[in-house]
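Next come a sequence and a model predicted from it.
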2 protein chains.
Amino acid sequence: MERGLRASFMAHAYDFYKPNLSSEYPAVDGKLSIQCYLKALDNCYQLYCQKARKLSALTGDSSNDAVGINSFDAVVFHSPYGKLVEKSFARLVLNDFLSTPKETILELYPGLEKFSNIKLEETYFDRDVEKGFMAFSKELFKRKTLPSLLLSNQVGNMYTASLYGGLVSYLISKSVEELGGKRVGFFSYGSGLASTMFSMKLVAGPKLSQLVSQLTYVHDLLAQRRKIDPAEYSKMMESKEANYNKAPFTPTSSTDLLFPGTWFLVDVDSQYRRTYDKVK
Amino acid sequence: MERGLRASFMAHAYDFYKPNLSSEYPAVDGKLSIQCYLKALDNCYQLYCQKARKLSALTGDSSNDAVGINSFDAVVFHSPYGKLVEKSFARLVLNDFLSTPKETILELYPGLEKFSNIKLEETYFDRDVEKGFMAFSKELFKRKTLPSLLLSNQVGNMYTASLYGGLVSYLISKSVEELGGKRVGFFSYGSGLASTMFSMKLVAGPKLSQLVSQLTYVHDLLAQRRKIDPAEYSKMMESKEANYNKAPFTPTSSTDLLFPGTWFLVDVDSQYRRTYDKVK
């Protein structure tokens, strides 16, 4: 973990909340969620860069002088879905672009000059800006962020776990030799909203080797997944919905699909007391 | 705050929990709650005393050598209801009793000798033990704990606030001169359960005077309360129950009964977004 470089942003927002206590599902306003996420990202990134420059001046370590997307070997994002992460990566480049002296824009961002007077908070849904910066950052995105999206893309929305699943994905995407010395940026986000950007440097050595070697099971588990027919899946979801908050309740579903070691609900008694067991 | 003397106890217990999300009310098992509370109290107190003795040995400050109920000028408890607090105070004396060398029991605890072989965890509902120790500690309780029960007795169950309402009650029960130098023990409890015992010494001086002088409003507010007819109260509670979790919802109840500065709910919109206002 790089100390002194943690940047947080919080706001009161009705983004993806669960107000209806008799429903398992949250209230979703997709457009608001995107705006909240991107706004949080802008704020965290700007504060992160500001702290990095300050730290650089304090320590004399010039590596943070001009912190920007190129300072990171990888950037891992909280991932509700892949497209938003791709947009977010482009958004970091847009932030870099807006803090670049005008005279160097033509050289560093060819083709994007026309955007040099835009305001960040007016571009959350600006298709031209989005398209321009996504095209411009496409190759960088593939290199720095796509490797961290393996689990998100395969498993779907995991909330808190998505960021750390992103780190796992990144760690299993390269050899230990390649990983040593890499600097990884993280953007953590929780609806409501609270968000933090932080970074770490992967230190080559036995600890990193051990960590990475312990992750070989990930590909195995992914390969062991079983396909379920959409109709069967819908039935499972309907049953979940019908039994939400019920007491007493004893699930009748099979545990055959669960991996060994998975905890599952055995029973809810009439006082709503829950009993769990673990798949052998 | 007395540093190094914080003692906590936690356990997984279905004590006073809210599992039914469509109801405003918790699930209550009175007997279990009492057992949880007393067990937590025993554990916190024993650990507190143990830490105090250790601290005493470390610092050479002999005041904690034989920590016990007499080490405190006041003991403030989390208070679901007054009777349990009275029982709890007696329970601390019972703890002291059990850690007292047998040869001194006759002298220090006359009339309680017959209890010298009991086990704490078998006495949660032992009426003889309870009666014996409550009678024995009655005067001590009046002196050390009763003053802190003013708000609990007048306002009823306040959850977290009950402990700090207890401190306020104690502070307004004496003159500033009397308060200076007093050592106060606290027992904080939350169902579920998590509990902590800690203590503070009230330092005579301008800060204590200022704190106490700012509390004169408490008696005034208590005096300004209005009596409500039980039938009217029941109607208010029924309306609350009927409108629990409703959206959209606009309360129709009057804010006349609320003190100036109280926040109240103005509206819940169809998306469950809540708007509040403050009584002028």
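Happy to help now that I have it. Numbers count the residues shown, from 1 in each chain, chains lettered A, B, ... in the order given.

what's downstream of whichever strand or helix holds A:Leu38, the next helix or strand?
Secondary structure from DSSP states H and E places A:Leu38 in helix A:30-59. With elements assigned by DSSP H and E, the helix or strand that comes after helix A:30-59 is strand A:74-77.

Need the contact partners of that next one.
A:69, A:85, A:88-89, A:92, A:144-145, A:147-148, A:163, A:166-167, A:170, A:182-187, A:189 (CB atoms under 8 Å, 6 or more residues apart in numbering or on different chains). Backbone N, C-alpha and C define where each C-beta goes, glycine included.

what's the neighbour count on A:Asn245?
15 (other CB atoms under 10 Å in any protein chain shown).

Any figure for the gap between it and chain B?
Separation of A:Asn245 from chain B (CB to the nearest CB, to the nearest Å): 6 Å.

Would you mind naming what in the stretch 151-280 of chain A lies close to chain B?
Residues of the stretch 151-280 of chain A lying close to chain B (CB under 8 Å from any CB of the partner chain) are A:245, A:247, A:271-273.

so what's A:Arg274 up against?
Applying CB under 8 Å, 6+ apart to A:Arg274 gives the contacts A:265, A:267-268.

Now with 10 Å, please.
A:Arg274 is in contact with A:247, A:249, A:265-268, B:14, B:19, counting by CB atoms under 10 Å, 6 or more residues apart in numbering or on different chains.

Filter those down to the buried ones.
Taking 16 or more other CB atoms under 10 Å in any protein chain shown as the criterion, what is buried in the contacts of A:Arg274 is A:247, A:249, A:268, B:14.

Out of these, name the two that are farthest from one another.
Distance extremes for these: the farthest pair is A:Phe249 and B:Tyr14 at 15.8 Å, using CB to CB.

Is A:Phe23 in a helix, a strand, or coil?
If you look again at residue A:23, you'll see it is Ser, not Phe. coil (DSSP: H, G, I helix; E, B strand; the rest coil).

Please tell me how far the spatially closest residue to it that is not a sequence neighbour sits from A:Ser33.
Excluding the flanking residues, the one nearest A:Ser23 by CB to CB, 6 or more residues apart in numbering or on different chains is A:Tyr244, at 7.2 Å. According to CB to CB, to the nearest Å, A:Tyr244 and A:Ser33 sit 23 Å apart.

same check, this time on A:Thr160
Relative to A:Ser33, A:Thr160 is positioned 16 Å away (CB to CB).

Compare those two (neighbour count), which wins?
Using other CB under 10 Å as the criterion, A:Thr160 and A:Ser33 rank with A:Ser33 on top: 19 against 11.

just checking, that one touches A:His78?
No: using CB atoms under 10 Å as the test, A:Ser33 is too far from A:His78 to be in contact (11.8 Å).

Mutual contacts of these two, please.
Common neighbours of A:Ser33 and A:His78, using CB under 10 Å, 6+ apart, are A:84, A:189, A:191.

Can you get me a residue count around the second one?
Using other CB under 10 Å, A:Tyr189 has 28 neighbouring residues.

re earlier: list buried residues within the contacts of strand A:74-77.
The buried subset of the contacts of strand A:74-77 (16+ other CB under 10 Å) comprises A:69, A:85, A:88-89, A:92, A:144-145, A:147-148, A:163, A:166-167, A:170, A:182, A:184-187, A:189.

can you tell me which of these are in helices?
Among the buried ones among the contacts of strand A:74-77, the members found in helices (DSSP state H) are A:85, A:88-89, A:92, A:144, A:163, A:166-167, A:170.

I'd like to know which of the residues you listed is nearest to B:Ile105.
Taking CB to CB as the measure, B:Ile105 lies nearest A:Leu163 of those, at 60.1 Å.

Please enumerate the strands of the stretch 101-250 of chain A.
Assigned by DSSP state E, counting those that start in this stretch, the stretch 101-250 of chain A shows strands spanning A:183-190, A:194-201.

Now distance to B:Arg6 and mean pLDDT too, for these, in CSV please.
Listed next are these as CSV, based on distance: least, CB to CB, whole Å; pLDDT from 0 to 100:
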stretch, distance to B:Arg6, mean pLDDT
strand A:183-190, 30, 97
strand A:194-201, 28, 97
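
Same list (those) but as JSON lines, adding distance to A:Pro230.
JSON lines is the format used below for these (distance: least, CB to CB, whole Å):
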{"stretch": "strand A:183-190", "distance to A:Pro230": "30"}
{"stretch": "strand A:194-201", "distance to A:Pro230": "34"}
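
Of all these, which one comes closest to B:Pro26?
strand A:183-190 (27.0 Å).

mind listing what the closest one pairs with, with the direction of each?
Sheet pairing here is set by DSSP bridges, and for strand A:183-190 it gives strand A:74-77 (parallel), strand A:194-201 (antiparallel).

Could you tell me the angle between the longest one and helix A:30-59?
Relative orientation of strand A:194-201 versus helix A:30-59 (axes from the mean of the first three to the mean of the last three CA atoms, to 10 degrees): 40 degrees.

Any regions of the stretch 151-280 of chain A where pLDDT drops low?
By pLDDT under 70, the stretch 151-280 of chain A has no low-scoring segment.

Which residue ranges of it form helices?
Ranges of helices in the stretch 151-280 of chain A, per DSSP state H, counting those that start in this stretch, are A:160-171, A:176-179, A:206-213, A:217-224, A:230-242.

What sits closest to A:Leu149 if chain neighbours are left out?
A:Gly82 (5.8 Å).

Please tell me how far that neighbour sits from chain B.
As judged by CB to the nearest CB, A:Gly82 and chain B stand 27 Å apart.

show me what contacts that residue?
For A:Gly82, the contacting residues are A:145-146, A:149, A:152-153, by CB under 10 Å, 6+ apart.

Try it again at 7 Å.
Listed by CB atoms under 7 Å, 6 or more residues apart in numbering or on different chains, the contact set of A:Gly82 reads A:149, A:152-153.

With A:Met134 instead?
A:Met134 touches A:86-87, A:90, counting by CB under 7 Å, 6+ apart.

same question for stretch A:15-27, mean pLDDT?
For stretch A:15-27, mean pLDDT rounds to 88.

what's the offset of that stretch from the middle of its chain?
Remark: stretch A:15-27 is offset 21 Å from the chain centroid, using CA atoms, centre = their mean, to the nearest Å.

Repeat that for stretch A:258-270.
28 Å.

and A:Val279, how many residues sit next to it?
Counted by other CB under 10 Å, the residues lying close to A:Val279 total 13.

Just to check, it is in contact with A:Val266?
No: counting by CB atoms under 7 Å, A:Val266 is not a contact partner of A:Val279; they are 11.4 Å apart.

In the stretch 51-200 of chain A, which residue sits nearest chain B?
At 12.9 Å from chain B, A:Gly192 is the closest residue in the stretch 51-200 of chain A, using CB to the nearest CB.

which ones are touching that residue?
Residues near A:Gly192 by CB under 7 Å, 6+ apart: A:13, A:15, A:17.

and if we set it to 6 Å?
Listed by CB atoms under 6 Å, 6 or more residues apart in numbering or on different chains, A:Gly192 has no contact partners.

Can you tell me the closest non-neighbouring residue to the closest residue to chain B within the stretch 151-280 of chain A?
Closest residue of the stretch 151-280 of chain A to chain B, CB to the nearest CB: A:Tyr272 (3.1 Å). Once flanking residues are discounted, A:Tyr272 sits nearest to B:Pro19: 3.1 Å by CB to CB, 6+ apart.

for A:Ser162, same thing?
Once flanking residues are discounted, A:Ser162 sits nearest to A:Ser79: 4.5 Å by CB to CB, 6+ apart.

Go ahead and confirm that neighbour touches A:Lys87.
No: assessed by CB atoms under 6 Å, A:Ser79 is found out of contact with A:Lys87, at 11.4 Å.

Those two - which one has more neighbours?
Set A:Ser79 next to A:Lys87 and count neighbours by other CB under 10 Å: A:Ser79 wins out with 29 against 21.

pretty sure that one is in a helix, no?
No: using three-state DSSP, the assignment for A:Ser79 is coil, not a helix.

check contacts around it.
Contact analysis of A:Ser79 by CB under 6 Å, 6+ apart lists A:85, A:152, A:162.
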